[in-house]
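J.: Build the 3D model from these lines:
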Amino acid sequence: MLRSVATVGGWTMASRILGFARDMLIAAKLGAGPVADAFFVALRLPNLFRQLFGEGAFNAAFVPAFAGTYAADGPERARALANALAGLMTLFLTGLVLLGIVFMPQLLFVLAPGFVGEALRFPLAVEFTRITFPYLLFICLAALVSGVLNGMDRFAAAAAAPVLFNLVAMAALLWLTPFVATAGHALAWGVVVSGLLQLLMLLFAARVAGMAINPLSRPRLTGDVTAVLRRMVPGLIGAGVTQLNLAIGIVIGSLLPEGAVSFLYYADRIAQLPLGVIGAAVGTALLPLLSRQLRAGQALSAHRSQNRAIELTLAFALPAAFALAVVPHPIISALFERGAFDAAAAVATAQALVAYAVGLPAFVLVKALTPGFFARGDTATPVKVGLVVVALNLALNLILTRYLSHVGIALATSLAAWVNVAVLGWLLTRRRRLVLDRRLRRAVPRLLAAALAMTAVLAMLQAMLFPLESGWARLIALAMLVAAGLGAYFGTAQAIGALDLRTTLPMLRRRRS
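T.: Predicted structure coming up:
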């Protein structure tokens, strides 16, 4: 599993680094004004549907079914299953995209009510979202092909595909902007093109792997397809619950003063680095692994895999959360404070980042816990837990935004995530599907101690290196902070026995070779 996590995490890290470059460019060109607010809402809407119909619910039902069929019945039957579902997805999502484009003003009336009646943000949001909405079709089909590759233990292409999103977005912002009305229009067109390119790249990778997928296949409701669709129903409800949480943040953010949506977007982008690199990597690698182990009756191996996944997520999530909480302003200032993104926007974004840092370990742990349900075909339990989390998140949003403005949205999300983790972990433990082994119980307090040592180092260096006026000087100082923090954390972790780099690094080197 560590090798698969390294593959996914390595490509995800490359994507996140390019994502930072993209967001730095967006911040410099758009800042945190009305065009930025409109674009971020436009980007969020197709992503809401993508999580609903693509990566979340679909992968939870499809990847175990495909991996099991591939292992038990051979590649031909697995290919037939994938092609039948691809045809159904193309038909359904094409209709959804057309309806969305026609009724976009009505959709945004619900999703961003604070924009309604404004002379600039609402019409821009409608126009941007109509441009970006076909991205939904392309990226959901890309999620299906990614599930095929992951089910065959081929993780590299699926993990590398998001790199195209960042490259195309930057290219559009730099070269298309002079030919369209605003930089937001250029970014919107870049989103659509990037989705198509990701789909084409993954289709090619699947063909090379001997599993050619045709999105235009005739839709067929075979027994295998029906079984996957039945499993998707509770998963769709669960994904809908999760996306409802995100939609709550958008709705309430649109009601706050101008710039709130942008502040939350930029802060969330920073918090997404550890979540994407380790959380998504662990979840992607763990689900097919647990599915195979449980299908083969290897309960002890599945137990060990779950424990190592939790240990690995905490080993990276804890230092990331502590670092984001102790040096938020240097991070935001160095990355974004230039051009249209001023000092006041940097302060507001840093405040939101601290709130997201509070929940970062929980966001990542969810990725390590939910495969324990999905691999056993239990997609209903996370739905029930999610309903409780939605209600809690809404209540916390309504309370906290009264006192903390946009920071309250981020803090509500973090607190709700911790409740989600606590309930999922308790249910897995109660059902004897998760037993924390001695190695994990020994590692957690040591990882926490190493993260605290790193925090002390970062706090001292921050006082010495910041504030700085020059943008390049701030970037250099931030790089020094990151290097010092990594050295302090991994050095302390190795010294006190929280991590054994002598065994971990050779495994990663073998994977690269």
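
J.: Roughly how far does Phe373 sit from Val126?
T.: 38 Å (Cβ to Cβ, to the nearest Å). Using the backbone N, CA and C atoms, a C-beta is placed for each residue, glycine as well.

J.: can you give me the helices for the stretch 101-250 of the chain?
T.: Listed in chain order, the helices of the stretch 101-250 of the chain (DSSP state H, counting those that start in this stretch) span 104-111, 121-132, 135-151, 156-171, 183-208, 223-255.

J.: between the ones you listed, which one is nearest to Gly19?
T.: Comparison of these against Gly19 by Cβ to Cβ identifies helix 156-171 as nearest, at 5.1 Å.

J.: Next, the angle helix 135-151 makes with the closest one.
T.: Inter-element angle recorded for helix 156-171 and helix 135-151: 150 degrees (by axes from the mean of the first three to the mean of the last three Cα atoms, to 10 degrees).

J.: What residues of helix 156-171 count as buried?
T.: Within helix 156-171, the residues that count as buried by 16 or more other Cβ atoms under 10 Å are 157-170.

J.: With stretch 473-493 instead?
T.: Judged by neighbour count using 16+ other Cβ under 10 Å, the buried positions of stretch 473-493 are 474, 477-478, 481, 484-485, 488-490, 492-493.

J.: Give me the distance from that stretch to the chain's centre.
T.: Here stretch 473-493 is found 24 Å from its chain centre; the criterion is Cα atoms, centre = their mean, to the nearest Å.

J.: Convert that stretch to PDB, retaining C-alpha atoms only.
T.: The C-alpha trace of stretch 473-493 is given here as PDB (Å, rounded to 0.1, in the frame of the first residue of the first chain):
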ATOM      1  CA  ALA A 473      12.200  37.700  -0.300                       C
ATOM      2  CA  ARG A 474       8.900  36.400   1.300                       C
ATOM      3  CA  LEU A 475       9.000  33.300  -1.000                       C
ATOM      4  CA  ILE A 476      12.600  32.600   0.000                       C
ATOM      5  CA  ALA A 477      11.800  33.100   3.700                       C
ATOM      6  CA  LEU A 478       8.800  30.800   3.300                       C
ATOM      7  CA  ALA A 479      11.000  28.100   1.700                       C
ATOM      8  CA  MET A 480      13.400  28.400   4.700                       C
ATOM      9  CA  LEU A 481      10.500  28.000   7.100                       C
ATOM     10  CA  VAL A 482       9.300  24.900   5.200                       C
ATOM     11  CA  ALA A 483      12.800  23.300   5.100                       C
ATOM     12  CA  ALA A 484      13.300  24.000   8.800                       C
ATOM     13  CA  GLY A 485       9.900  22.600   9.700                       C
ATOM     14  CA  LEU A 486      10.400  19.500   7.700                       C
ATOM     15  CA  GLY A 487      13.900  19.000   9.200                       C
ATOM     16  CA  ALA A 488      12.600  19.500  12.800                       C
ATOM     17  CA  TYR A 489       9.600  17.200  12.400                       C
ATOM     18  CA  PHE A 490      11.200  14.300  10.600                       C
ATOM     19  CA  GLY A 491      14.400  14.600  12.700                       C
ATOM     20  CA  THR A 492      12.500  14.500  15.900                       C
ATOM     21  CA  ALA A 493      10.100  11.800  14.700                       C
END
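
J.: Could you pull up the mean pLDDT of it?
T.: The average pLDDT within stretch 473-493 is 90.

J.: And stretch 48-64, by the same measure?
T.: Rounded to a whole number, the mean pLDDT of stretch 48-64 is 66.

J.: what's the first-to-last distance across it?
T.: 23 Å (Cα to Cα, to the nearest Å).

J.: Same question for stretch 173-183.
T.: 6 Å.

J.: Give the buried residues for that stretch.
T.: Buried residues in stretch 173-183, counted by 16+ other Cβ under 10 Å: 173, 176-177, 182-183.

J.: Out of those residues, which comes closest to Ala449?
T.: Ranked by distance to Ala449 (Cβ to Cβ), the buried residues of stretch 173-183 are led by Leu173 at 43.2 Å.

J.: gap between that closest one and Val192?
T.: Leu173 is 14 Å from Val192, by Cβ to Cβ.

J.: now swap in Ile252 and tell me
T.: 28 Å.

J.: looking at the helices of the stretch 101-250 of the chain, which is buried most?
T.: The highest mean neighbour count among the helices of the stretch 101-250 of the chain, using mean count of other Cβ atoms under 10 Å, belongs to helix 135-151: a mean of 26.

J.: what's the angle between it and helix 183-208?
T.: Helix 135-151 and helix 183-208 are oriented at 30 degrees to each other (the same axes, to 10 degrees).

J.: And the helix or strand where Phe263 lies, what does it pack against?
T.: Phe263 is part of helix 260-274 when elements are defined by DSSP states H and E. Packing partners of helix 260-274 (3 or more Cβ pairs under 8 Å, 6 or more residues apart in numbering; DSSP states H and E): helix 2-30, helix 34-50, helix 223-255, helix 299-326, helix 328-336, helix 343-369, helix 406-430.

J.: So for the fourth one, what gets flagged as buried?
T.: Under the neighbour-count criterion of 16+ other Cβ under 10 Å, helix 299-326 has 302-326 buried.

J.: relative to helix 406-430, how tilted is that helix?
T.: Going by the same axes, to 10 degrees, helix 299-326 makes 160 degrees with helix 406-430.

J.: And for the shortest one?
T.: If you take the same axes, to 10 degrees, helix 328-336 sits at 110 degrees to helix 406-430.
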